[in-house]
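In: sequence first, then the predicted structure, then my questions.
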Amino acid sequence: MGDLPALELRNISKTYGAVAANRDVSLTVARQSIHALVGENGAGKSTLMKIAYGHVRPDAGEIWIKGQRLARHSVSQSIARGVGMVHQHFMLVGTLTVVENVVLGQEPRRRGLLDLGRAAAEIRALSQKFGLDVDPEARIEDLSVGQQQRVEIVKVLWRGCDVVILDEPTAVLTPSEVRDLFAVLRGLVEGGMTIVLITHKLDEVLAIANRVTVMRRGERVAEYEADGLTAEQIIHAMVGRPVQQHLDKQPAKPGEPMLEIRALHVTGARGTQAVRGVDLEVRAGEILGIAGVEGNGQTELVEAIVGLRAVDRGSVAIRGTAVTGVPVAQRYAAGLAHVPEDRHDRALVLDYSIQDNLILGQQRDFVGTLDVLDRGRVRQHADRLIAEFDIRPPVPTQVVQGMSGGNQQKLVVARELSRRGLAVLICAQPTRGVDIGAIEAIHRRMIEARDRGLAVLLLSAELSELRALSDRLAVLYKGQIVATLDRDQLAADDALDTIGAMMTGCWPPAGAGTAEAGPS
Amino acid sequence: MRREALTIGIALVVAALVGSLLIAYVGKSPLEVYGLLLRSTWGTSYGFGQVLFKSTPLILTGLSVAVAFKVGLFNIGAEGQLAAGSFVTALCGAALPAALPGPIAVAVCVIAGMLAGAALAGLAGVLKTRYGAHEVINTIMLNFIASSVILWAGNARFFVKYTTHTQAISDNATLHHLGFTGSAANTSLLLALALAGGVAYFFNRTRRGFEWRAVGHNPRAAQNAGVRIGGVVIGAMAMSGALSGAVGANYVLGYKSYYESGIGSGVGVMGIAVALLGRNHPAGIVAAALLLGTLSHGGLAVAEQVPKEIVQILQAIIILAVACASAYRARRARSAGAPA
């Protein structure tokens, strides 16, 4: 029994329409190990794990959990056999407490009444055993993202699972939260658990995994022991070719200010002060990065610049023209381009074709007589951008819905850079959920845009991305810019830790004086 | 597209089978009843004309609901909008000088009716954009207001004494009949078909149609693309109302020659079913309107054989079958899903 693998997938295949998400994939996860599943977006990692979790039914193949074949595919079956999953987007009810969230769907009862006390005690015990530091009585919305993630882990453990699948768990965490999470994961393994980690961050894989399986285009292409493995090896297997990891980037030659933000105050969706007096200036030919934990005003800041959200106080100017209070379309006309943080939410109409999405926001430039769209020109525009940006599939009439994240994002970037009379490019999370090949392409485009004289504002949750691209970096914390770092400060060895500390409000370190908000 | 047609076809067969059970239960032969239903509608010139006559307003209200749907709005108020449109059309027709050339008189009456419908639905749109009140509530309440105002104004001023109908329109505003052995089918059918074509052209070809559809699919992306959502909501509601308002052309200008209290009632609600059956597609809506028009007239013909409620039940079963079939197909498509 002890030698049986915790989870074994045999010859799993799954197709969606014409796309093979998994092709004859086999995977063996040893007990008490951390097994990393890596691959580009759309490589089939998540599908494979959703199959293991019972959420998706495979077309062919078998699932064995601890030596027993899973006869029926359902989430409850998988959980009953001990396989649980922590999703990338947490499934928590913000207004409920931890214990209420944990028991939701499987409420313990005593004489017909909800027995939260027992569950709370159990959660406390689990929390202590694995060093999770979760308070059962806390309200979810009061917890940090990292804490919420641990609640998700508790949820899985409380249901008796000993195989925990985590889907891109570090995507939303700060560097120190990532370290905490890894400590928790190691503790879980020591305590007898088995971890499957879906990720595309290779440094993390190398830091924590025992074994690494690489997927590409639905197939398992390589598997390694983590000992002695290098990032280059993994990347090569993921992409199928060597990838240039370092960006060619000359020092910036900043020109005139193109985007000027003065004393901006913006109310957020929940009626809170999301942006509280931000001053920013982005000059032609530079990339200004904005770092910050999600929810510190980034979204509202961008929406205020684009005109999607009203400004309480302060001003926004594009190329010297005040645009505060001006409709969205006029701001684009003034020279703005915008890659929204969530392409499905703001950037794309998923039911539209590639060519229609490529003119979205510029539709007025493509009309012939009587306000009728000039289909010929729309088509030409699409053909040109598809070729130039290598958007796949290269079919203008293809509906965007089923395309990979990387190609969808390339489409958005292509469209925004195709605007006429550009001065300012805002990129919010431009490479989120995008594969390595596309990340490389998008980064190159952003630097090209800078070099041809655009002012680029980059908001990202990936510190490494910010550090690689930014000429200057501002840190946003609770709606305020708490520090601005120049190029030299960014290059410092401890820069990431410093920025991480600033992002969480832990800067300056206690006792280091209060006058300065950090290196400025 | 073809899969959709297949889904609907299967749903229709299932509905017909369920209907057979009902007919058999009341002791009649389903084949005989269905045969009579078909013969009395598509089998005779008069019957076919009546099908066209009954389908015409259904095309218009179906389009009306579909236009709102396409922009992500639910116009429940076709009933009130067609009443307002018919009333205004009738008043206009009665007030026009008899010397006015026919085409102009007709155009004025129809446009006036459409404007009335547009104003009523547009108001629901304004209430939504300005104050955030949901259009379903707005249009339902405006239905009550419209029907009451018409009755009140009619009784106070416009209805012929001791009746609930207005004065007859002048002859020049009357629409020609299409023939079909004395059936009520009239040239407003051509208007409805032209409007169906116009709606299709608008949505598929024009810049505005492109923007409106984008709002229907993803309003947040449309807003980011510089589309002013509020304007689109008001515009789409107005267009939707205008289409319902055109129903007066059929009943007033093409049939009764006056507005009568309760005229066209039920047609607005059926418009929702027509839009559903026709998948919000103009060609599909014309087909769905013909189907429901056939049942509507055929129901009268088979009333000697089976209780007329049976046909109404059959109609409802068809709509339910199609609703279930398309929802089921959508769910299947989702669970088969796009790759994550």
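Out: Looks like it came in fine.
In: contacting residues around residue A:370?
Out: residue B:206 (CB atoms under 8 Å, 6 or more residues apart in numbering or on different chains). All C-beta atoms are positioned from the backbone trio N, CA, C, and that covers glycine.
In: what do you get for residue A:99?
Out: Counting by CB under 8 Å, 6+ apart, residue A:99 has contacts A:116, A:119, A:120, A:123, A:136, A:137.
In: rerun at 10 Å
Out: A:116-124, A:134-138, A:151, A:154, A:158 (CB atoms under 10 Å, 6 or more residues apart in numbering or on different chains).
In: take the residues you listed and keep only those in helices.
Out: Among the contacts of residue A:99, the ones falling in helices (DSSP state H) are A:116, A:117, A:118, A:119, A:120, A:121, A:122, A:123, A:124, A:151, A:154, A:158.
In: just those now: which is nearest residue A:344?
Out: Residue A:344 has its nearest neighbour among those in residue A:151, at 25.7 Å by CB to CB.
In: got the contact list for that closest one?
Out: If you count contacts by CB under 10 Å, 6+ apart, then residue A:151 has A:86, A:90, A:92, A:97-99, A:101-102, A:123, A:127, A:132, A:134-136, A:138, A:140, A:143 around it.
In: which parts of the stretch 151-300 of chain A sit against chain B?
Out: Proximity of the stretch 151-300 of chain A to chain B (CB under 10 Å from any CB of the partner chain) is limited to residues A:167, A:218.
In: among the contacts of residue A:151, which are in helices?
Out: In this view, those that belong to helices under DSSP H are A:98, A:99, A:101, A:102, A:123, A:127.
In: where's the residue in chain A that chain B sits nearest to relative to residue A:489, distance?
Out: Nearest residue of chain A to chain B: residue A:329, at 3.2 Å (CB to the nearest CB). Applying CB to CB, to the nearest Å, the value for residue A:329 to residue A:489 is 38 Å.
In: next: residue A:282.
Out: Distance of residue A:282 to residue A:489, computed by CB to CB: 18 Å.
In: higher neighbour count, these two?
Out: Taking other CB atoms under 10 Å in any protein chain shown, residue A:282 and residue A:489 do not tie; residue A:282 has more neighbours (26 against 17).
In: who's the more buried one bridged to?
Out: Counting by DSSP bridges, residue A:282 forms beta bridges with residue A:259.
In: just the buried ones out of the contacts of residue A:151, please.
Out: A:86, A:90, A:92, A:97-99, A:101-102, A:123, A:127, A:132, A:134-136, A:140, A:143 (16 or more other CB atoms under 10 Å in any protein chain shown).
In: the nearest residue to residue A:418 once chain neighbours are set aside: how many residues sit nearby?
Out: Leaving aside its chain neighbours, residue A:418 sits nearest to residue A:385 (6.0 Å; criterion: CB to CB, 6 or more residues apart in numbering or on different chains). Neighbour count for residue A:385, taken as other CB under 10 Å: 23.
In: who touches the host helix or strand of residue A:385?
Out: Assigned by DSSP states H and E, residue A:385 belongs to helix A:375-389. With contact meaning CB under 10 Å, 6+ apart, helix A:375-389 is reached by A:353-359, A:362-363, A:365-368, A:374, A:391-398, A:407, A:410-415, A:417-418, A:438, A:441-442, A:445, B:204-205, B:210.
In: let's go with 6 Å and repeat that
Out: Residues outside helix A:375-389 that contact it (CB atoms under 6 Å, 6 or more residues apart in numbering or on different chains) are A:354, A:355, A:358, A:359, A:366, A:394, A:396, A:410, A:414, A:418.
In: send the alpha carbons of it over as PDB?
Out: In PDB, the C-alpha atoms belonging to helix A:375-389 read as follows (Å, rounded to 0.1, in the frame of the first residue of the first chain):
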ATOM      1  CA  ARG A 375     -15.800  44.900 -44.700                       C
ATOM      2  CA  GLY A 376     -12.900  45.000 -47.100                       C
ATOM      3  CA  ARG A 377     -10.900  47.300 -45.000                       C
ATOM      4  CA  VAL A 378     -11.700  45.500 -41.800                       C
ATOM      5  CA  ARG A 379     -10.400  42.300 -43.500                       C
ATOM      6  CA  GLN A 380      -7.200  44.000 -44.700                       C
ATOM      7  CA  HIS A 381      -6.600  45.400 -41.300                       C
ATOM      8  CA  ALA A 382      -7.000  42.000 -39.800                       C
ATOM      9  CA  ASP A 383      -4.800  40.300 -42.400                       C
ATOM     10  CA  ARG A 384      -2.000  42.800 -41.700                       C
ATOM     11  CA  LEU A 385      -2.100  42.600 -37.900                       C
ATOM     12  CA  ILE A 386      -2.500  38.800 -37.900                       C
ATOM     13  CA  ALA A 387       0.700  38.500 -40.000                       C
ATOM     14  CA  GLU A 388       2.600  41.200 -38.100                       C
ATOM     15  CA  PHE A 389       1.800  39.900 -34.600                       C
END
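In: quick check: mean pLDDT of that helix?
Out: On average, the pLDDT along helix A:375-389 is 96.
In: per-residue pLDDT, the residue of chain A closest to chain B?
Out: Residue A:329 is given a pLDDT of 95.
In: wait, it touches residue B:226, no?
Out: Yes - the pair residue A:329 / residue B:226 is scored as a contact, 3.2 Å apart, by CB atoms under 6 Å.
In: looking at these two, which one has more neighbours?
Out: residue B:226 (21 against 17).
In: name the nearest residue to residue B:176, sequence neighbours excluded.
Out: Counting by CB to CB, 6+ apart, the residue nearest residue B:176 is residue B:187, at 5.1 Å.
In: ugh, wrong one, I meant residue A:433
Out: residue A:405 (4.5 Å).
In: now do the contacts for the residue of chain A most remote from its centre.
Out: Ranked by distance from the centre of chain A (CA atoms, centre = their mean), the top residue is residue A:111, with 44.5 Å. Residue A:111 makes no contacts at all, as judged by CB under 6 Å, 6+ apart.
In: circling back: could you dump the ones in helices among the contacts of residue A:99 to TSV with pLDDT and distance to residue B:53?
Out: Formatted as TSV, the ones in helices among the contacts of residue A:99 follow (pLDDT from 0 to 100; distance: CB to CB, whole Å):
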residue	pLDDT	distance to residue B:53
A:116	90	66
A:117	91	71
A:118	90	71
A:119	91	67
A:120	93	70
A:121	93	74
A:122	93	71
A:123	94	70
A:124	94	75
A:151	94	64
A:154	94	67
A:158	94	67
